[in-house]
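[1] sequence isn't available, so here's the structure alone:
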């Protein structure tokens, strides 16, 4: 049986001699077995091997364990206190499940019972690769460097594979459960697999300069909702982001430059943690109403073909009298009546999630009056890149009204402001 972890062997005699301990723990491989040829007095021995000392040190276990400290075993930590020599073998950064199994075997070895049932290993020096510190970063900068015959190290936390002409996301990357940053920029990826959402630790995803035409809606409902903080989709071919995109509520940095976006997510204001938004050089005619709820530090919307605000030219979608569906939907949203796909058809749930909000506070679904008004971008961001070459920091934003009365009240206030 073998256990990779970090180990520090501390002699309990050092303090009495006025000496200090060995310092930081080192990467090691612990092995349980019997010495070759049956030497060493029999019984099961513990071999501790490190990169500097691969032959390692052997410790007999039979009736030689004074105590096991397992309070923090769930965190991958434990200590084996030996009687002779008087040392503490301190383990850390071990797999919790493997550590529990290993400690159970150590207890059996100490008692001397059922030794024949223990999964023992040969007490021989391990390979150098077995005691080296796990690789956490890997950078691939060309197709020539891309690994074709061997897997990525499972310990990777940061993987960059750029300029490799990848047409899709390699499924081997999706097995890297410790991955925190994935950089696949400057490739030819056309579609994202939903299984990227299985990377539970992923915080940064860089897909800059690929051939993406859409962002998979399934990713928005995956574990990325709670982990993803930075997303770069610049220089792709994306025309719109799914409505579910706003479920990525831990996003702090979002880059969408140089795409073909004709609209931003309708409920973008739900991205409460968002601090940087860059969507320069797209095809945005206006901003969604929810944009006003953002609280940004940096905003860049340069080079979009924004339309002139037209508060006096409304798009009237009202039906008088209101339909029964519209009245019911408004009541459900206004009074926050619980609903779900087990109660209502899926399309109705989707419609309710996309309801508009009138300045009076009431909701509207498919019956409304729509206009565009001027928004000063400094009201949502501390630092704003100019929208155009004329020095403007204003952009048109949608506004909705639930009735003619509400629109008329807005019109009165607007006209009074022009006088």
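    That came through fine. Predicted model only: the values in this text are computed from it and were never measured.
[2] quick one: low-confidence ranges for the protein?
    Along the chain, the model assigns pLDDT under 70 to residues 15-23, 36-42, 114-116, 131, 419.
[3] try 80 this time
    Counting by pLDDT under 80, the chain has low-confidence residues at 14-24, 35-43, 112-119, 121-134, 417-419.
[4] domains in it, by residue range?
    The record, using automatic domain parsing to delimit domains, assigns the chain the ranges 1-11+59-122, 137-283, 315-418.
[5] mean neighbour count and distance to residue 44 added to these, as CSV?
    Glycine gets a C-beta too; all of them are placed from N, C-alpha and C. Rendered in CSV, the data for the domains of the chain read as follows (neighbours: other CB atoms under 10 Å; distance: least, CB to CB, whole Å):
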stretch, mean neighbour count, distance to residue 44
domain 1-11+59-122, 16, 4
domain 137-283, 17, 29
domain 315-418, 15, 57
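[6] out of those domains, which is closest to residue 309?
    Counting by CB to CB, residue 309 lies closest to domain 315-418 out of the domains of the chain; the figure is 4.4 Å.
[7] just the endpoints, please. Distance across the closest one?
    For domain 315-418, the separation between the terminal residues is 22 Å (CA to CA, to the nearest Å).
[8] check the secondary structure at residue 409 for me.
    What DSSP: H, G, I helix; E, B strand; the rest coil gives for residue 409 is helix.
[9] what's the answer for the one 4 residues further on, then?
    The assignment at residue 413 comes out as helix when based on three-state DSSP.
[10] what bridges to the nearest residue to residue 85 once chain neighbours are set aside?
    Leaving aside its sequence neighbours, residue 85 sits nearest to residue 11 (CB to CB, 6 or more residues apart in numbering; 7.1 Å). Beta bridges link residue 11 to residue 87 when assigned by DSSP bridges.
[11] my read: residue 11 touches residue 86, true?
    Yes - counting by CB atoms under 8 Å, a contact exists between residue 11 and residue 86, whose distance comes to 6.5 Å.
[12] quick one: residue 129 from residue 135, how far?
    Counting by CB to CB, to the nearest Å, the separation of residue 129 from residue 135 is 10 Å.
[13] quick check: residue 139 is in a strand.
    Yes - secondary structure of residue 139 (three-state DSSP): part of a strand.
[14] wait, it touches residue 160, no?
    Yes - using CB under 8 Å as the test, residue 139 is close enough to residue 160 to be in contact (4.6 Å).
[15] contacting residues for the residue nearest to residue 213 when sequence neighbours are not counted?
    For residue 213, ignoring the flanking residues on the chain, the nearest one in space by CB to CB, 6+ apart is residue 237 at 4.9 Å. By CB atoms under 8 Å, 6 or more residues apart in numbering, the contact set of residue 237 is 211, 212, 213, 259, 260.
[16] so the nearest residue to the last one once chain neighbours are set aside, which state does it fall into?
    In other words, residue 260. In this structure, residue 260 finds its nearest non-sequential neighbour in residue 239, 4.9 Å apart by CB to CB, 6+ apart. At residue 239 the chain is in coil, as set by three-state DSSP.
[17] hmm, residue 282 and residue 239 touching each other?
    No - at 9.3 Å, residue 239 and residue 282 do not qualify as touching, with contact defined as CB under 8 Å.
[18] and for the two, which residues touch both?
    Common neighbours of residue 239 and residue 282, counting by CB under 8 Å, 6+ apart, are 259, 260, 261, 262.
[19] gap between the residue nearest to residue 85 and residue 84?
    12 Å.
[20] residue 186 now?
    According to CB to CB, residue 186 stands 60 Å off from residue 84.
[21] was I right to think residue 380 contacts residue 290?
    No - taking CB under 8 Å as the contact criterion, residue 380 and residue 290 are not neighbours in contact, 10.7 Å apart.
[22] now the helices for the stretch 101-250 of the chain?
    Chain-ordered helices for the stretch 101-250 of the chain, with DSSP state H, counting those that start in this stretch as the definition, fall at 128-131, 217-220, 224-227.
[23] and the contacts of the first one?
    If you take CB under 8 Å, 6+ apart as the criterion, helix 128-131 is touched by 2, 4, 27, 28, 29, 49, 50, 51, 54.
[24] so how far is it from its chain's centroid?
    For helix 128-131, the distance between its averaged C-alpha position and the chain's averaged C-alpha position is 30 Å (CA atoms, centre = their mean, to the nearest Å).
[25] again, but for the last one
    The chain centroid and the centroid of helix 224-227 are separated by 5 Å, computed with CA atoms, centre = their mean.
[26] contacts for that helix next, please.
    Contacts made with helix 224-227 from outside it, assessed by CB under 8 Å, 6+ apart, are listed as 196, 197, 199, 200, 201, 202, 203, 247, 248, 249, 250.
[27] contact partners for the last one?
    It stands for residue 250. Contacts were defined as CB under 8 Å, 6+ apart; by that measure residue 250 touches 225, 226, 227, 228, 229, 273.
[28] and it, how far from residue 226?
    Using CB to CB, residue 250 is found at 6 Å from residue 226.
[29] now residue 273. Nearest residue, chain neighbours left out?
    Computed as CB to CB, 6+ apart, the closest residue to residue 273 that is not its neighbour in sequence is residue 252, at 5.2 Å.
[30] contacts only, for the one you found.
    Applying CB under 8 Å, 6+ apart, we find residue 252 in contact with 229, 230, 273, 274, 275, 276.
[31] roughly how far does it sit from residue 302?
    When CB to CB is the yardstick, residue 252 and residue 302 sit 21 Å from each other.
[32] residue 287 too?
    Using CB to CB, one obtains 14 Å as the distance from residue 287 to residue 302.
[33] now the residue nearest to residue 213: phi and psi?
    With angles defined as degrees, to the nearest 10, residue 237 sits at phi -130, psi 30.
[34] kindly report the same for residue 346.
    Residue 346 has phi and psi values of phi -60, psi -40 when expressed as degrees, to the nearest 10.
[35] ok, now how distant is it from residue 244?
    13 Å.
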